[in-house]
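Q: would you be able to build a 3D model of this:
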Amino acid sequence: MLVTLACCALLAQSRSAFRPVPQAKTQLEVNDYNAAYASAGGAAREAAADNFAAKYPESELRSYLYSRAMHEYQNENNPGKILATGEKILALDPDNSVALALTATVLADGLTEKDPDRDQKAALIKRDCNRALDTLESSMVLAPGVTPEEITAYKTSLGVMVHSALGIMELKTGNDSGAEKDLKAALKLNRLAGDATVYYHLALAQDHQKKYSDALGSVEQALQLASSNPELQKLAEAEHERLQKLTGRRPGSGQSSSQ
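A: Numbers count the residues shown, from 1 in each chain. Okay, here's the model as predicted:
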């Protein structure tokens, strides 16, 4: 259930805002970079990035090719490969905010009660999310033609992703009040569009705290936005039915007879 960054946000990050613009050392490096950049599909882009990195082990452009592969894997909804390419980016650029946020999101989505590394993964999610926020501006490079509105959209999108990942991790590790706080922070940043995944997890966090009326309102928001995600819609419908019973609210009544 990945939260997707706006495309203009990815453009701003991929070119960056307060770092020097990366430079190739030779025209051959430029040509090889352009050829690798033209690859299509996540696997092809990752392979092209690997080949480029092997040929130019000191190039400043390596992480940009891995970022392109990571975003394609995001489009392909391939969490394992998002994580793998994200780790390659972070090995080259530990402050890459998008890689930090995306890898944290994948880890949070995959976290389970029976995960043997649950505590370590939770700590890593928290660390990477905090680092993504701390290095948000210093990890950017201002590209020609990028507008202030696009930069703002990027920062907003990344903030949504980070707070969502934190909230889902907190929910899965029993910190329901912390989860509610972070998920509400994500929704406040994304107040115009909303996000079904965030609303659903917020409903669960509120349900666990016996805030049943609030939870019902959150899951109803999730249902309004979940039509394109059948798996999430089914989960939200089950939670909605449970909360209706707990609140005594009859379907379609809009009223609760008890809290």
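Q: distance check, the residue nearest the centre of the chain against Asp32.
A: The centroid of the chain falls nearest to Met161 when counting by CA atoms, centre = their mean (3.8 Å). Using CB to CB, to the nearest Å, Met161 is found at 32 Å from Asp32. C-beta here means a position set from N, CA and C on the backbone, and glycine is covered the same way.
Q: look up the closest residue to Lys81, ignoring the ones flanking it.
A: Tyr73 (4.1 Å; CB to CB, 6 or more residues apart in numbering).
Q: quick check: the one you found touching Ala44?
A: No. Contact status for Tyr73 versus Ala44: not in contact, 11.3 Å apart, counting by CB atoms under 8 Å.
Q: neighbour count winner among these two?
A: Using other CB atoms under 10 Å as the criterion, Tyr73 and Ala44 rank with Tyr73 on top: 25 against 14.
Q: contacts only, for Lys126.
A: Residues counted as contacts of Lys126 (CB atoms under 8 Å, 6 or more residues apart in numbering) are Leu166, Met169.
Q: so what pLDDT did it get?
A: What the model reports as pLDDT for Lys126 is 96.
Q: how far away is it from Met169?
A: Lys126 is 7 Å from Met169, by CB to CB.
Q: contacts for stretch 40-53?
A: 32-33, 35-37, 39, 59, 61-62, 65-66, 68-69, 72-73, 75-76, 78, 81, 85, 88.
Q: one more time with 7 Å, if that's ok
A: 32-33, 36, 39, 62, 65-66, 68-69, 72-73, 76, 78, 81, 85 (CB atoms under 7 Å, 6 or more residues apart in numbering).
Q: can you flag which of those residues belong to helices?
A: Asp32, Tyr33, Ala36, Arg62, Leu65, Tyr66, Arg68, Ala69, Glu72, Tyr73, Lys81, Thr85 (DSSP state H).
Q: how near is Lys172 to Ala122?
A: Counting by CB to CB, the gap from Lys172 to Ala122 is 8 Å.
Q: just Arg249 next, same as before
A: For Arg249, the distance to Ala122 - CB to CB - is 34 Å.
Q: and if you look at Glu72?
A: Distance of Glu72 to Ala122, given as CB to CB: 28 Å.
Q: identify the contacts common to Lys172 and Ala122.
A: Joint contacts of Lys172 and Ala122 (CB under 7 Å, 6+ apart) are Leu111.
Q: before we move on, back to that, the residue nearest to the centre of the chain contacts Ala101, doesn't it?
A: Yes. Contact criterion CB atoms under 7 Å: Met161 and Ala101 qualify, at 4.4 Å.
Q: which element is the residue nearest to the centre of the chain on?
A: Counting by DSSP states H and E, the element that carries Met161 is helix 148-172.
Q: return the residues in contact with Tyr200.
A: Val219, Ala222, Leu232, Leu235, Ala236.
Q: of all these, which two lie farthest apart?
A: Spanning the widest gap among the contacts of Tyr200 are Val219 and Leu232, at 10.9 Å by CB to CB.
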